[in-house]
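coords please:
(2 chains)
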2 protein chains.
Amino acid sequence: MHEENTSFKLKKIGVIKTPYMDNAPYQPVEEDKGKFCIVFDDKYVEGLAKLEKFRYIYVIYYLDRAREETSMIVNPAWVDNVEVGVFASRSPDRPNPIGLSVVRIKEITDNKIFTSGLDVFDNTPLLDIKPYVKDLDSKKDSNYGWIEDLKGKMEHLFLHIKGIPH
Amino acid sequence: MHEENTSFKLKKIGVIKTPYMDNAPYQPVEEDKGKFCIVFDDKYVEGLAKLEKFRYIYVIYYLDRAREETSMIVNPAWVDNVEVGVFASRSPDRPNPIGLSVVRIKEITDNKIFTSGLDVFDNTPLLDIKPYVKDLDSKKDSNYGWIEDLKGKMEHLFLHIKGIPH
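A predicted model of the protein is given here:
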């Protein structure tokens, strides 16, 4: 029998640089014109070998500005009068404040990955990068969940979700 | 100025039940016949509201059986003589042992999500569940990265990656 662990310690391995100081879009905006850069601590640089072969990556980060008090039911900020479970949402205020974004690699130089738009505040602590592998991660038959029930509003809502002015 | 945090504490919010005691496939096998179930601690059950509307979810877990000593260069177990950076791999032995899998929801009952095949050991600690949202997460133009360079071997390798007998 091994003793059961119920809490785990993770470390900052770098930092995410974005133009967002006070406001960030709810989700990544691929066409965002700002400068987005993942900066690794020097000792992890070698771990980026061959990453440039991938078109997309997962960025996993610690939501250090999320609320500590979390609720099991959340109101998505981009739609009125809707309540969903926190695990059916991408809200940053969740039991473990782990953030996940899929972004495109633009360029990798030394310890820096320049990417398409990232929906995080400037200086968000980086936890991990994983390659997005087509066969494993791109699900053609995926859907929009409860967002599909918001009849006739979905396209408009996606502009909100992605923070696209309209 | 706020003090900079360089380590973060996360908590177990449930457990992942799989048939894998000693061996697990390298990646999720959707057609796996085993029983895969994510069991939430009771206090998080309400957070599952409306999750059943989604076809796919991200499962984020703590790789509690990964090696503590990690190397920046790894040899993927399913191919000989290939070395890649740990961040260009899905190896469990990484600076922060966070695991990520995309799986299909089969059924949600009370505090349990029954899913398609999950590539983790039985009793792996659960950290988070997020909905997989088509527009944000399914990237049609994604690729296979350095796996594409392993000429003529890719289909065969995917059988290894997915642990499909052949």
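
C-alpha only now, for contacts and for neighbours.
OK.

so where is chain A shaky, pLDDT-wise?
A:1-4, A:26, A:29-32, A:152, A:163 (pLDDT under 70).

Pick out the residue closest to the middle of it.
A:Ser101 (2.7 Å; C-alpha atoms, centre = their mean).

helix, strand or coil for the closest residue to A:Pro165 other than its chain neighbours?
Leaving aside its sequence neighbours, A:Pro165 sits nearest to A:Leu159 (C-alpha to C-alpha, 6 or more residues apart in numbering or on different chains; 7.1 Å). Of the three states, A:Leu159 takes helix under DSSP: H, G, I helix; E, B strand; the rest coil.

Does A:Leu159 touch A:His166 like I think?
Yes. Counting by C-alpha atoms under 8 Å, A:His166 is a contact partner of A:Leu159 at 7.2 Å.

Please say which of the two ends up with more neighbours.
Ranked by neighbour count (other C-alpha atoms under 10 Å in any protein chain shown), A:Leu159 and A:His166 place A:Leu159 first, with 14 against 6.

Now the phi/psi pair for A:Glu46, please.
phi -60, psi -30 (degrees, to the nearest 10).

Tell me who's in contact with it.
Contacts for A:Glu46 (C-alpha atoms under 8 Å, 6 or more residues apart in numbering or on different chains) come out as B:72-73, B:85.

where do the helices sit along chain A?
A:134-137, A:154-161 (DSSP state H).

Could I get the buried residue list for the shortest one?
Same thing as helix A:134-137. Residues A:134, A:136-137 are the ones in helix A:134-137 that count as buried (16 or more other C-alpha atoms under 10 Å in any protein chain shown).

For B:Pro25, state which of those is nearest.
Proximity of these to B:Pro25 (C-alpha to C-alpha) peaks at A:Leu136, which lies at 12.8 Å.

The closest one contacts B:Val102, correct?
Yes. Using C-alpha under 8 Å, A:Leu136 is in contact with B:Val102, at 7.4 Å.

Return every residue with contacts to both of those two.
Between them, A:Leu136 and B:Val102 share these contacting residues under C-alpha under 8 Å, 6+ apart: B:Pro28.

among the helices of chain A, which is nearest B:Tyr26?
For the helices of chain A, proximity to B:Tyr26 was assessed by C-alpha to C-alpha; helix A:134-137 is nearest, at 11.0 Å.

quick check, that closest one touching chain B?
Yes. Using C-alpha under 8 Å from any C-alpha of the partner chain, we find that helix A:134-137 touches chain B at A:134-137.

Tell me the one among those nearest to A:Gln27.
Among the residues of helix A:134-137 next to chain B, and counting by C-alpha to C-alpha, the member closest to A:Gln27 is A:Asp137, at 17.7 Å.
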